[in-house]
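*Asks:* Need the 3D shape of this:
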Amino acid sequence: MSNYRRTRHFAVPLLLLSGVAVADDNVSLHTATDLIPVSKTDQEGAVFIDADQMDESKNQQVNARGNVELRRNKGVLTADEVHYQADTDTVQATGNVNLKQQGLTVTGPALELQMGKQIGNMTQPVFELDSAAVASKFTNMSLTPRGNADILDFVGENQYRLKNAAYTTCPVGNDDWYLRVKELDIDNTRQVGTAHSAVLEFKGTPILYTPWMDFPLDGSRRSGLLAPTFGTTSKSGSEFSIPYYWNIAPNYDATITPRLMTKRGTQLGTEFRYLTSTYRGILDGDFLADTQTQTNRWRFFGAHDQVFAPGVTGHFVYQRVSDNDYFRDLSSQISATSLTNLNQEAVVSYQADWWRAAVRVQQYQTLQDPNAPVIPPYKRLPQLTWQAMTSTDNGLDINVNTELTRFDHPTLITGTRFVAYPSVAMPLINQFGYITPKVGVHYTDYVLNSTPANPAENSSRTLPIMSVDSGVYFDRDVNWFGGHYQQSLEPRAYYVYIPYTDQSALPNFDSAVMDLNYSQLFTENQFIGSDRINNANQLTLAMTSRLLDTETGLERIRFAVGQRLYFTPQKVTLPNGVASNDTSSDLLASLGGQINQAWRAEAAIQYNTQLNETVRNSFTASYRPEPGKVMNFSYRTISGEINQIDLSAQWPIAPRWYGMMRYNYSLMDKRVVEGLAGLEYNGGCWAARGVFQTIATAANVSSTSFFIQLELNGLGRLGSNPLDALKLSVPGYTNSNEIK
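*Replies:* Presented below is the predicted three-dimensional model:
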């Protein structure tokens, strides 16, 4: 038996002895046949040992004592005493054992491990998973997966099994929550943990038991039961659901969600998603045998997008519900409860270098509010479009838009409409301005179906359209209040001429008056759709001025004002509309910008210069000094329609505590459109949030909901999910787990 003393590797050669590399400064103790230079291949599988004392027995066992360090590949083992058996590649370690390998750090009193096969065990282990890969999956979230067990079994490379184990992502010294399991399997290859007979303890109190569960170690998708959700709404009572997530393949998954509602029964929801290199889509639906209404209620949503060939694409969407009140009764999101028309369409299109063609079929399901009925829109069965755009060598831009549509409706006049609109423009541009004259002809032809109740005659319309768009850009450098800025002055003039043609005999399939805004001032037609083309002899004058921070690029101030001047009366109207003799449109003006890094504000006004009164105005301001601190305020009015104030905020109210609120109140209707109040507490490795929300679902009808959720970092969320409601209701809301 030979004796060695511990040496440092940078000063002595590394030698391989029967598969064991040993640091030695006394080469004379070995014969030439004992000493084999370490090749690169051998080093990758070699075992390196450092210790205060080492000896080697004849049965190829190395015994090391005192501050032992054993290294192999990227694994490092330290202990008070280590025995390594070379022929079986087995290591036995005792006393302050610490092993770091394959994303795992584990300590304990004793270890036995067959290193090549990674088979063995450790008693009373305390383990910690590599947090670098885990944290990268969670924005600004520092996770430290750790725990302890009675026994840790090594069952293969990157595979571990712990018995009577406890698991948490809380940092050392914080034991707020633990997942205590009879058996815990950790697969570092797939980054998944599997718990058997698991009890979730929060603040020392068991709150959930499951015989089996999977959970990701890195935030990626895994099949298994998701955290249950629960809450309450005034429409459906107390609710409880426990989703099952099925990770079918990397590009296919499904979620099956039973939802128990005390006032309505059990609803079953399913969602299937798919994604390939040429197509993607989602199928989503719910079914409920409603005990309150004694009817079967359901919802279906499907969307599909596909690339059939180069330039050939398709789009499909289909939405339908069983009844008009489905969303008002069963949804807690104002974006859903306010839905009126559910789109159902399919489109196939072809895109070439300079032209595009498409075939579309489209219809809607219209959800009626008995207190505010609406007329369903026309069906397009089908619609064919062809659009072309090209430029000539002499600088002409040529555009052609054509459309052939068959309109159908159960109660209104039906027929086919053909539209062709070719136009030519000549942009003349230099460094400080531009002028673009344009001429075109808009042709429309109708073939109508006449009925005894709705007699109709075929008709057509041809209108020349001429316009000139022009603008100039000026700028200068200014120094205000100690800052360096660039101020711009951008006047713009836009003239349109369209002769008047009586269009009162034409049907109205899809036209409506376009909402007046700054962009609409620079359009040829004030109507959406092709059934009405306004007559025009008009000039739009506008001015925009910006103040740009030259250091940050922020638009500190933007001022815009514009108005359209009419030289002839506006005679074209929708059915039952009234012609206008106004000599000008309403005056539009706005002022706003990013005042500083935290403050942004904007005010806008629409003023009727004929009546000397305000038609609409709005004021918005937001203060966002840092994540987790946000305040929003807005006030808007539309004469005779809307008069609302809207306040929302998220703000720290104490260490780790955040308050959230929204108050959207209609001064005209004297009712709350949406109200929200919530609290959120961040415990470091967990967060709890409770939210109360009330929303107006229909005329004189409101729904209230209560959300409560416990989020355990890196494990999942328990309770009903208020995050979607918070992000929609409080612009700028930040999950407290994402706040540094």
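*Asks:* any weak-confidence spans in this structure?
*Replies:* For the chain, applying pLDDT under 70 flags the ranges 1-45, 131-142, 216-222, 332-338, 697-700.
*Asks:* got the domain boundaries for it?
*Replies:* Annotated domains of the chain cover 1-124, 378-573, 643-740 [automatic domain parsing].
*Asks:* With distance to residue 297 and mean neighbour count as new columns, can these be given to me in TSV?
*Replies:* Using the backbone N, CA and C atoms, a C-beta is placed for each residue, glycine as well. TSV is the format used below for the domains of the chain (distance: least, Cβ to Cβ, whole Å; neighbours: other Cβ atoms under 10 Å):
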stretch	distance to residue 297	mean neighbour count
domain 1-124	48	16
domain 378-573	24	15
domain 643-740	15	18
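*Asks:* Any idea which of those gets closest to residue 204?
*Replies:* Proximity to residue 204 (Cβ to Cβ) singles out domain 643-740 among the domains of the chain, at 13.6 Å.
*Asks:* quick one, strands of the stretch 351-500 of the chain?
*Replies:* 355-366, 379-391, 397-408, 414-425, 428-429, 433-449, 459-472, 474-480, 483-498 (DSSP state E, counting those that start in this stretch).
*Asks:* Which strands or helices does the fifth one pack on?
*Replies:* Translated: strand 428-429. Contacts defined by 3 or more Cβ pairs under 8 Å, 6 or more residues apart in numbering; DSSP states H and E place strand 428-429 against strand 433-449.
*Asks:* What's opposite residue 686 in the beta bridge?
*Replies:* In this entry, residue 686 is beta-bridged to residue 712, by DSSP bridges.
*Asks:* what sits against it?
*Replies:* Residues in contact with residue 686 (Cβ atoms under 8 Å, 6 or more residues apart in numbering) are 170, 176-177, 202, 710-713.
*Asks:* Tell me the one among the residues you listed nearest to residue 456.
*Replies:* Within these, the smallest distance to residue 456 is 61.0 Å, found for residue 711 (Cβ to Cβ).
*Asks:* Please report the distance of the closest one from residue 717.
*Replies:* Between residue 711 and residue 717 the computed distance is 5 Å (Cβ to Cβ, to the nearest Å).
*Asks:* One more: residue 255?
*Replies:* Taking Cβ to Cβ, one finds residue 255 at 14 Å from residue 717.
*Asks:* Next, residue 726: phi, psi?
*Replies:* Phi and psi for residue 726, reported as degrees, to the nearest 10, are phi -70, psi -40.
*Asks:* OK, contacts around the residue nearest to it when sequence neighbours are not counted?
*Replies:* Once flanking residues are discounted, residue 726 sits nearest to residue 733: 4.7 Å by Cβ to Cβ, 6 or more residues apart in numbering. Residue 733 sits next to 630, 650, 660, 726-727 when contact means Cβ under 8 Å, 6+ apart.
*Asks:* any chance of these in a markdown table, with secondary structure too?
*Replies:* Shown next, in a markdown table, are the contacts of residue 733 (DSSP: H, G, I helix; E, B strand; the rest coil):
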| residue | secondary structure |
| --- | --- |
| 630 | strand |
| 650 | strand |
| 660 | strand |
| 726 | helix |
| 727 | helix |
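*Asks:* hang on, the earlier thing: among the strands of the stretch 351-500 of the chain, which is nearest residue 97?
*Replies:* By Cβ to Cβ (comparing all of those), the closest turns out to be strand 483-498, at 62.3 Å.
*Asks:* now that closest one against strand 474-480, angle please.
*Replies:* Strand 483-498 and strand 474-480 are oriented at 150 degrees to each other (axes from the mean of the first three to the mean of the last three Cα atoms, to 10 degrees).
*Asks:* Tell me the helix or strand right after strand 483-498.
*Replies:* strand 512-513 (DSSP states H and E).
*Asks:* name the helices or strands packed onto that following strand?
*Replies:* Here strand 512-513 touches strand 527-528, going by 3+ Cβ pairs under 8 Å, 6+ apart.
*Asks:* Quick one: the helices in the stretch 1-150 of the chain, in order.
*Replies:* 40-45, 131-135 (DSSP state H, counting those that start in this stretch).
*Asks:* Out of the domains of the chain, flag the one nearest residue 616.
*Replies:* domain 378-573 (8.9 Å).
*Asks:* what helix or strand is residue 329 on?
*Replies:* helix 326-330.
*Asks:* Quick one: list the elements packing against that helix.
*Replies:* For helix 326-330, the packing partners by 3+ Cβ pairs under 8 Å, 6+ apart are strand 295-309, helix 334-337, strand 686-698.
*Asks:* now the ones you listed as CSV including distance to residue 387?
*Replies:* As requested, the helices and strands packed on helix 326-330 are exported to CSV (distance: least, Cβ to Cβ, whole Å):
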stretch, distance to residue 387
strand 295-309, 19
helix 334-337, 32
strand 686-698, 40
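*Asks:* of all the ones you listed, which lies closest to residue 389?
*Replies:* Closest to residue 389 of these, according to Cβ to Cβ: strand 295-309, at 21.9 Å.
*Asks:* Enumerate the positions of the closest one that are buried.
*Replies:* Judged by neighbour count using 16 or more other Cβ atoms under 10 Å, the buried positions of strand 295-309 are 297-299, 301-302, 304.
*Asks:* From residue 410, how far out is the nearest residue to residue 392 once chain neighbours are set aside?
*Replies:* The shortest distance from residue 392 to any non-neighbouring residue, by Cβ to Cβ, 6+ apart, is to residue 398 (6.9 Å). According to Cβ to Cβ, residue 398 stands 41 Å off from residue 410.
*Asks:* what do you get for residue 614?
*Replies:* For residue 614 relative to residue 410 (Cβ to Cβ), the value is 41 Å.
*Asks:* Residue 324 too?
*Replies:* Looking at residue 324 against residue 410, where the rule is Cβ to Cβ, the gap reads 16 Å.
*Asks:* One more: residue 225?
*Replies:* Residue 225 is 46 Å from residue 410, by Cβ to Cβ.
*Asks:* what's the answer for residue 188, then?
*Replies:* Counting by Cβ to Cβ, the gap from residue 188 to residue 410 is 62 Å.
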